[in-house]
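Trainee: Sequence and computational prediction follow.
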Amino acid sequence: MIPEVAKLGVSGADFPKSIGGKGMGVCDVGSCMYELARKDAGMATFYLLHHSLGNYTVYKLAQKPLREKILAETIPINKVLAWGLTEPDNGSDASGI
């Protein structure tokens, strides 16, 4: 199913065109999410996590050479990003990041 989402061409909807995005607004991302969820809630969840936690984290925090290298592969969903939490004291500590 992930290649099918990639074929839709909506990945990176609100990222700048200069880095492979579509240059749209966040409302467009919401519209993409809505339409994906109508067909498959799991794929909509994947899209949101890959886009928001994956690509956006790289876009905001990575240094330019690494950011460009990673996003060139992940915005078109040629590669998929994962995001993990450590589990100190038997639980995810997202607030401690």
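Mentor: Looks like it arrived, so ask away. Numbers count the residues shown, from 1 in each chain.
Trainee: ranges for the helices of the chain?
Mentor: Under the criterion DSSP state H, the chain contains helices at 2-8, 26-39, 41-48, 56-61, 64-74.
Trainee: For residue 17, find the nearest of those helices.
Mentor: helix 64-74 (12.2 Å; C-beta to C-beta). Backbone N, C-alpha and C define where each C-beta goes, glycine included.
Trainee: quick one: the closest one to chain centroid distance?
Mentor: In terms of C-alpha atoms, centre = their mean, to the nearest Å, the centre of helix 64-74 is set 13 Å apart from its chain centre.
Trainee: so where is the chain shaky, pLDDT-wise?
Mentor: 85-97 (pLDDT under 70).
Trainee: quick one: contacts for the residue nearest to the spatial centre of it?
Mentor: By C-alpha atoms, centre = their mean, the chain has its centre lying nearest to residue 51, at 1.3 Å. For residue 51, the contact set (C-beta atoms under 8 Å, 6 or more residues apart in numbering) comprises 11-13, 29.
Trainee: And residue 82, by the same measure?
Mentor: Contacts of residue 82 by C-beta under 8 Å, 6+ apart are residue 54.
Trainee: Tell me how many other residues surround residue 22.
Mentor: 18 (other C-beta atoms under 10 Å).
Trainee: Does it touch residue 14 like I think?
Mentor: Yes: counting by C-beta atoms under 8 Å, residue 22 does reach residue 14; the two are 7.3 Å apart.
Trainee: overlap in contacts of these two?
Mentor: With C-beta under 8 Å, 6+ apart as the test, residue 22 and residue 14 both reach residue 28.
Trainee: separation between residue 22 and residue 42?
Mentor: Look at residue 22 and residue 42: by C-beta to C-beta, to the nearest Å, they are 23 Å apart.
Trainee: got a list of contacts for stretch 60-72?
Mentor: Against stretch 60-72 from outside (C-beta under 8 Å, 6+ apart): 12, 15, 19-20, 55, 58-59, 81.
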